[in-house]
Structure formats: C-alpha cells, structure tokens
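Chemist: Show me the folded form of this:
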Amino acid sequence: MADENRTQHATPRRRQKARDKGQVARSREVSGALALTTAVLVIGWRGATWAESWMRLFGQLLGTACSGAFASQSQPIYTVIRSAAMWIGMVLLLAWCAAVAGNILQGGFVVATEALTLKWDRMNPASNLQKLFSVAGLSNLLKSLIPMTVIAYLVAAIFARDWDRLLYLASVRGRTPMVWMWGEVFEISWKVCLVFLGWSLADHLLQRYHFEQSLRMSHQEVRDEAKETEGNPATKGRMRRMQRQLRRQLVLKRIERATVVVTNPIHYAVALEYRPEEMDAPVVVAKGRDLLAERIKETARKHGVTIIENPPLAQALYRSVQVGDTIPPQLYKAVAEILAFIFRAQARAQGNNTQRGASSGASRIPMSGQGEYHR
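Modeler: Reported below is the predicted structural model:
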C-alpha cells in the first residue's frame, strides 16, 4: 500500500508490536553525548585534585625506589595501574550511567527477543558493506559531518584567538604553560560537548519523526486491527442481540411465578412475587417499559397472572427497585392493599367454581381508587 494512504496515527496495539520487536524512537547520539559530557565534567571537576595526587604518587614512588624499599621491581607498576584504574574507573562508571539514563529517557528498557535472535543477514559482511554504501549509509555519514564541521570551526577559532599567547608560553618555564594548556583543552572539551548535545537532540527529534511516520496506518489497517482485537462489528451486533433476547426470555420466564403485574398501563409493567410462607416482603421478578412491558403483560395473561393498573405504583416500582430486590418500606402499604385484594379474590374464586369458569374473559373491578384489577 502506498505511503500516501497511511494517514492515521498508530494505534496502541501497533506501538506495542513495534516495541516488542525492539523498535523505539531512539537516537544513539544522545547516549554518546551524555556520556562524553559527563566524563568531561568529572575530569574538569576533579582534574586539579588528580594532578596533585599523581604528583604525590610519583614523588613517593621515586623516593621509595631511591631507598630500595620496593619488595619487587613490579610493585611500582602495580601501584600506578591500581591508582589509574581507580580514577579512570570512576569516570567510566559515571559516563556509563549517563549513557544508560539517555536510553531510558528515550523509551525505557526494551527487551525484544525477536531482535536478539541471531540472523545471518546481520553477520554477513557483504550485507553490512551494502548498507554502508547505500543511500541510508551515505545520509548517516553526511549527518556525522555536520557536528564535526562545527567542532573543527570551534577549535580553529579558539586557537586563532589565543595563538599569540600560545607562542609566548612556548618560551616560559614552570607550570604556567601546563595550567594554561589545561584550561584551553577544557574549554574546547565543554564546547564540543555542547555541540554534541545540541546535535543529539536534533537527531532524536528527527528519529522520532521518522519513527512516527513509519508507524502510520491506513484506514483499512485500522479497521482490520479493530476486527482482530474487538471482533467483527456484525458478529458483535449479533451477539448483543442474542444476549438481549436471552435476557428477555429469562425475564419472561420469571413472570410464571409472579403473583401480580402492576402496569402504567401502557408504558411500564412490574411483576411482583410474594409467598407469605417464604418471603418477608414482595420481590420484583421482572420489569420493563414500552415493548418489553407489553411482552410482560402478554406472558402474564398467558400464565394467568393477575394484572393491576396502578400508574403511580408502577412508576415508583420501576424507578426505585431493581430486579431481584424486595420493595422499599414506603411502598409496603400500597402493595399490601393490592395483594390483600388479590388473595381475597382468589379465595372467593376457589369457593365458587361457576364464577371461576365464567371469568375467562377480561373484567375490570375498581380497587378503592388505587387502580383496576384485570383477570
């Protein structure tokens, strides 16, 4: 697919895949510049102290050698190596810590097993030479020439500025020329570090831009990834419809054991179950509005469940009680009146078989101003 079609930003999943492969926006120049700057600062900070320590060390070694107190001829060499390793090791350790910090700031620790796999293409000298003389290799070479050109200009400018003093100090004896040269070298060093830091920051921004461009996705890739992670939208819609259907079937199944259904009568329907021997208070076993309310009433009629029209009570039950919960105490009185009326009607119906057979059609009996009773 053409790059011009990749107009969408990378998704989190694509970024994670790239990170798993070891692909992050990282510039090697940042770690090198931080390590070099740390080493220069440490040497500049401790340089004078180290010079004095070296002078004392060599003085002690010469004095000991003249007195013949060395146990072996290699002892002074080991002493010099140990002292040099201690001072150089501290500089290298701090520089290494700065380099690690630079990597962490650019993306943290990345452990990519795929990148650690040995591949012949990476070890093949012909492939490496081909990369070196490719367009990418040439561009990297040209990029490295930019900071080197700036550094060469700085060094030349500093020597041109202090050339007369350098010629004068060539004829001066003592420590003065060495102290001046040390200051000159340190000035060149920290200015070179500034150049590398600036260039590494620019290179990091450039690498980050190229990395973001390489992660861009087309609209089709975004849709395909959404299907892989979240599933096909048509399948998801079908599953949601099946879930709603199953929930409605469960709701309608519960109505079979309901004692009464309180309706609005059009918009709301709430089914209550109450077994005096088993329950302390009535329980809402199903509720619904509009189409689901009609289904609840149809199921109630099918199973012979009493339907009561009481709009205030139906709305209060629908809004305040969840399915499976008991009704709140403030609704006890209104529900108790309905249940008492139903139980009395059922008792009369059981005592008069003729009346029960004649009540197969729907009839309406006013219920002391609270609503209407349907059978």
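
Chemist: OK, contacts around the nearest residue to Arg216 once chain neighbours are set aside?
Modeler: Leaving aside its chain neighbours, Arg216 sits nearest to Arg6 (3.9 Å; criterion: CB to CB, 6 or more residues apart in numbering). (Each C-beta comes from the backbone N, C-alpha and C, glycine too.) Neighbour list for Arg6: Arg216, Met217, Ser218, Glu221 [criterion: CB atoms under 8 Å, 6 or more residues apart in numbering].

Chemist: And Arg6, what's its pLDDT?
Modeler: Looking at Arg6, its pLDDT is 78.

Chemist: ok, so what distance separates it from His219?
Modeler: 9 Å (CB to CB, to the nearest Å).

Chemist: which neighbours do these two share?
Modeler: Taking CB under 8 Å, 6+ apart as the contact rule, Arg6 and His219 touch no residue in common.

Chemist: ok, back up a step: which of the contacts of Arg6 tops the neighbour count?
Modeler: Met217 (19 neighbours; other CB atoms under 10 Å).

Chemist: Tell me what that residue is bridged to.
Modeler: Gln8 (DSSP bridges).

Chemist: just checking, it touches Arg15?
Modeler: No: Met217 lies out of contact with Arg15 (CB atoms under 8 Å); the separation is 10.7 Å.

Chemist: a strand runs through Val284, doesn't it?
Modeler: Yes: secondary structure assignment places Val284 in a strand (DSSP: H, G, I helix; E, B strand; the rest coil).

Chemist: pretty sure it contacts Ala271?
Modeler: Yes: counting by CB under 8 Å, Val284 touches Ala271, with 7.1 Å between them.

Chemist: between the two, which one's more packed in?
Modeler: Comparing Val284 with Ala271 by other CB under 10 Å, the one with more neighbours is Ala271, at 30 against 22.

Chemist: Strand partners (parallel or antiparallel) of the helix or strand hosting that one?
Modeler: Ala271 belongs to strand 268-273 when assigned by DSSP states H and E. Paired neighbours of strand 268-273 in the sheet (DSSP bridges): strand 260-263 (antiparallel), strand 283-289 (antiparallel).

Chemist: what sits up against the first one?
Modeler: So that's strand 260-263. Residues contacting strand 260-263 (CB under 8 Å, 6+ apart): 255, 269-272, 274, 293, 296-297, 300, 305-310, 313-314, 317, 338-339, 342, 371.

Chemist: Let's see that strand as PDB, backbone CA atoms only.
Modeler: Provided in PDB are the C-alpha atoms of strand 260-263 (Å, rounded to 0.1, in the frame of the first residue of the first chain):
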ATOM      1  CA  VAL A 260     -49.200  -9.800  40.300                       C
ATOM      2  CA  VAL A 261     -48.100  -7.500  37.500                       C
ATOM      3  CA  VAL A 262     -48.600  -3.700  38.200                       C
ATOM      4  CA  THR A 263     -48.900  -1.600  35.000                       C
END
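
Chemist: Take the contacts of strand 260-263 and keep only those in strands.
Modeler: Among the contacts of strand 260-263, DSSP state E puts Ala269, Val270, Ala271, Leu272, Thr306, Ile307, Ile308, Glu309 in strands.

Chemist: now, among these, which is nearest to Leu57?
Modeler: Proximity of those to Leu57 (CB to CB) peaks at Val270, which lies at 95.3 Å.

Chemist: if I look at that closest one, how far off is Thr326?
Modeler: Taken as CB to CB, the span from Val270 to Thr326 is 13 Å.

Chemist: again, but for Arg165
Modeler: Taken as CB to CB, the span from Arg165 to Thr326 is 98 Å.

Chemist: Give me the more crowded residue out of those two.
Modeler: More neighbours surround Thr326 than the other of Arg165 and Thr326, with 16 against 12 (other CB under 10 Å).

Chemist: who's in contact with the more buried one?
Modeler: Met279, Asp280, Ala281, Pro282, Val283, Val284.

Chemist: Return the set of residues that bridge with it.
Modeler: Thr326 forms beta bridges with Val283, as assigned by DSSP bridges.

Chemist: Distance-wise, check it relative to Val283.
Modeler: Distance from Thr326 to Val283, by CB to CB: 5 Å.

Chemist: Quick check: neighbours shared by these two?
Modeler: With CB under 8 Å, 6+ apart, Thr326 and Val283 have no common neighbours.

Chemist: what about the helices in the stretch 251-375 of the chain?
Modeler: Secondary structure of the stretch 251-375 of the chain (DSSP state H, counting those that start in this stretch): helices at 291-302, 311-320, 332-351, 353-358.

Chemist: right, I mislabeled it, should have said the stretch 101-250 of the chain
Modeler: 113-116, 120-123, 125-132, 135-161, 163-169, 176-215, 219-230, 233-254.

Chemist: can you tell which of those is closest to Gln106?
Modeler: Going by CB to CB, the one of those nearest Gln106 is helix 176-215, 6.6 Å.

Chemist: Check the offset of the closest one from the chain's centre.
Modeler: Using CA atoms, centre = their mean, to the nearest Å, the mean C-alpha position of helix 176-215 is found 33 Å from that of the whole chain.
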